[in-house]
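In: Take this sequence and fold it.
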Amino acid sequence: MSDKLPRILIIGAGTGGIMVASRLKTIRANVDITIVDPADTHWYQPAWTLVGAGTYDMKKTSKPIADLIPKGVKWVKDEVTGFKPDENKITMKTSGDLEYDYLVVSPGLVMDTSLIEGLTEALGHGVVCSNYTDPEHTWEVLRNFKGGNAIFTQPTTPIKCGGAPQKIAYLAADYIRKKGLADKTNLSFITPGTVIFGVPQVAETLHKVLDRYKMDFKTYYAPVKIDGPNRKITFKNIKPKDGGSEDNRPDEWTMDFDLLHLAPPQTAPKFVKESVLANETGWLDVDINSLQHTKYKNIFGLGDVAAVPTAKTGAAIRKQMPVVIDNILNLIKNNALGNMSYQGYSSCPLVTGYGKMVLAEFNYKNEFTPDPMLKYMLVFDSYKEHWRLWMLKKYGLPYLYWNKMMKGKDV
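Out: Model (predicted):
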């Protein structure tokens, strides 16, 4: 590598990419940093849950990417189209190839509405809405709801913030109750998953929330077809037959809806999914602890694109970022990985109504791992609903995101 500075190339100016670049600058790492991203705007998507319930301003969820790129970091405003890992290069749409010594892959994920029949045509029209794509439309649908069947669902693919489809369900249920429409409404949360939440303490609280709103909860049903004009959704039973009583459930089941909210199916971006860096399911193939690519030792991944078995959240990235940086800097200095290891930490702020929230923090083993700092907020059982956690979600976390995480500071 001669006398030149080691070149770290970062794909993506989202949470992962900006955090890695900012942190490297904050600690004054002696490296050359380039970010590649074609977008103009960086979105703080965790607040979109609140936008969809009319309690947060959409304008406050975005900043120009140009304002977030740290001083001294080069920004190539172009689309990545592929990888040449044996040559230490990426290919781009208009700028040709770009070389690197170390590559950080963090482009996030993409919505693929084609994976549910009729979703492409229906989404964003009439009463079919999603906080994942247009939370202001969700709020419009909720405001105009007059009663009937309100259905909340999610796909079989991994999704960013797996708790988000139920957060809006609870907020909508609370709003419907406040508007005096509860007696005229049938609420349903229908999921292809097996449980309401993987952490037992949190699941116990959420079942109480479901009961409070009289919300019908069904597992093992995946949405497969949406008829927007006729307001019908079809679910498929994906529960393996085991000889039990539930084997009698219908294989397919169609419901009418007057409000439908869903998370669209989500995949890795095409340039990752169809590359040699992807695993058999199309996600970036990394070691789940070191976040190093399983084949190419100078490539690391973090964030939503990484094939790690935990929730895809900004909170996960906050714990992944130091591991990626430690490993890259140790490779540069010692030609070996560092001692830090990512244990699957993620966090899901589960809003359960206006002014109420549960904070689920957990690891790869689905063990409840609450932040000890919560006690300074006088929150001692964060798996229970608390108004202070709502304040953290609405005011504290956005502040920390823009002023700490995005600037490479300790949080």
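
In: what sits opposite the residue nearest the centre of the chain in the beta ladder?
Out: Nearest to the geometric centre of the chain sits K160, at 2.2 Å (C-alpha atoms, centre = their mean). Beta-bridge pairing for K160 (DSSP bridges): K312.

In: Surely it touches T267?
Out: No - under the criterion of C-beta atoms under 8 Å, K160 is not in contact with T267, lying 11.4 Å apart. No exception for glycine: its C-beta is placed from N, CA and C like everyone else's.

In: Please identify every residue contacting each of these two.
Out: Listed as contacting both K160 and T267 by C-beta atoms under 8 Å, 6 or more residues apart in numbering are L109.

In: Count the residues that sit near D174.
Out: For D174, the neighbour count with other C-beta atoms under 10 Å is 21.

In: What secondary structure category should be reported for it?
Out: Following DSSP: H, G, I helix; E, B strand; the rest coil, the label given to D174 is helix.

In: for I8, same thing?
Out: Remark: I8 carries the secondary structure label strand [criterion: three-state DSSP].

In: Go ahead and confirm it touches Y102.
Out: Yes - in this structure, I8 is within contact of Y102 by C-beta under 8 Å, at 4.8 Å.

In: Give me the more crowded residue out of those two.
Out: Comparing I8 with Y102 by other C-beta under 10 Å, the one with more neighbours is I8, at 26 against 22.

In: quick check, L359 in a strand?
Out: Yes - membership of L359 in a strand is supported by three-state DSSP.

In: Name the residues that touch whichever helix or strand T91 is part of?
Out: Under DSSP states H and E, the secondary-structure element containing T91 is strand 89-92. The set of residues that contact strand 89-92 without belonging to it, under C-beta under 8 Å, 6+ apart, is 9, 11, 36, 76, 78-84, 97-100, 103.

In: Which neighbours do I8 and Y102 have in common?
Out: Overlap of the contact sets of I8 and Y102 (by C-beta under 8 Å, 6+ apart) consists of I328.

In: Got the confidence number for V128?
Out: Reported pLDDT at V128 in the predicted model: 98.

In: Low-confidence stretches in the protein?
Out: Across the chain, the ranges flagged by pLDDT under 70 are 1-3.

In: Spell out which residues make up each domain of it.
Out: With automatic domain parsing as the criterion, the domains of the chain are listed as 7-109+268-341+397-407, 114-266.

In: For the shortest one, measure first residue to last.
Out: Taking C-alpha to C-alpha, to the nearest Å, the span from the opening residue of domain 114-266 to its closing residue is 10 Å.

In: Please compute how far it lies from its chain's middle.
Out: Centre-to-centre, domain 114-266 and its host chain are 18 Å apart (C-alpha atoms, centre = their mean, to the nearest Å).

In: Quickly list what L284 is bridged to.
Out: Counting by DSSP bridges, L284 forms beta bridges with A278, A306.

In: residues of the helix ranked longest in the chain that come out buried?
Out: The single longest helix within the chain, with elements called by DSSP state H, is helix 314-334. Of the residues in helix 314-334, 314-329, 331-332 count as buried by neighbour count, 16 or more other C-beta atoms under 10 Å.

In: same question, stretch 349-360
Out: Buried residues in stretch 349-360 (16+ other C-beta under 10 Å): P349, L350, V351, T352, G353, K356, M357, V358, L359, A360.

In: Touching it from outside, list them.
Out: By C-beta under 8 Å, 6+ apart, the list of residues contacting stretch 349-360 from outside reads 46, 49-50, 53, 55, 163, 166-167, 170-171, 173-175, 178, 197, 199, 202, 205-206, 209, 347-348, 368, 370, 374, 379, 382-387, 389-390, 392-393, 397.

In: Buried ones among these?
Out: Buried by 16+ other C-beta under 10 Å: 46, 49-50, 53, 55, 163, 166-167, 170-171, 173-175, 197, 199, 202, 205-206, 209, 347-348, 370, 374, 379, 382-386, 389-390, 392-393, 397, out of the contacts of stretch 349-360.

In: re earlier: dump the domains of the chain to TSV, plus distance to Y364.
Out: Converted to TSV, the domains of the chain look like this (distance: least, C-beta to C-beta, whole Å):
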stretch	distance to Y364
domain 7-109+268-341+397-407	6
domain 114-266	11
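
In: follow-up on the earlier one: so of the contacts of strand 89-92, which ones are in helices?
Out: Counting by DSSP H, these contribute nothing to helices.

In: Any of those residues buried? List them.
Out: Listed as buried from these are L9, I11, V36, V76, D78, E79, V80, G82, F83, L98, Y100, L103; burial here means 16+ other C-beta under 10 Å.

In: what about L24, is that helix, strand or coil?
Out: At L24, secondary structure determined by three-state DSSP is helix.

In: Kindly apply the preceding question to T133 instead.
Out: With three-state DSSP as the basis, the three-state label of T133 is coil.

In: Which residues are in contact with it?
Out: Contact partners of T133, counting by C-beta under 8 Å, 6+ apart, are M111, L123, G124, P264.

In: How about the last one: what's its closest non-neighbour residue?
Out: So the one you mean is P264. Spatial nearest neighbour of P264, excluding adjacent residues (C-beta to C-beta, 6 or more residues apart in numbering): M111 at 4.4 Å.

In: now that neighbour: how far from A182?
Out: Counting by C-beta to C-beta, to the nearest Å, the separation of M111 from A182 is 32 Å.

In: out of the two, which sits in the more crowded spot?
Out: Taking M111 and A182 together and counting by other C-beta under 10 Å, M111 has the greater number of neighbours (21 against 15).

In: Bridging across strands, which residues link to the more buried one?
Out: Going by DSSP bridges, M111 is paired in beta bridges with Q266.

In: Is it in contact with L262, as I believe?
Out: No - with contact defined as C-beta under 8 Å, M111 does not count as touching L262 (11.0 Å).
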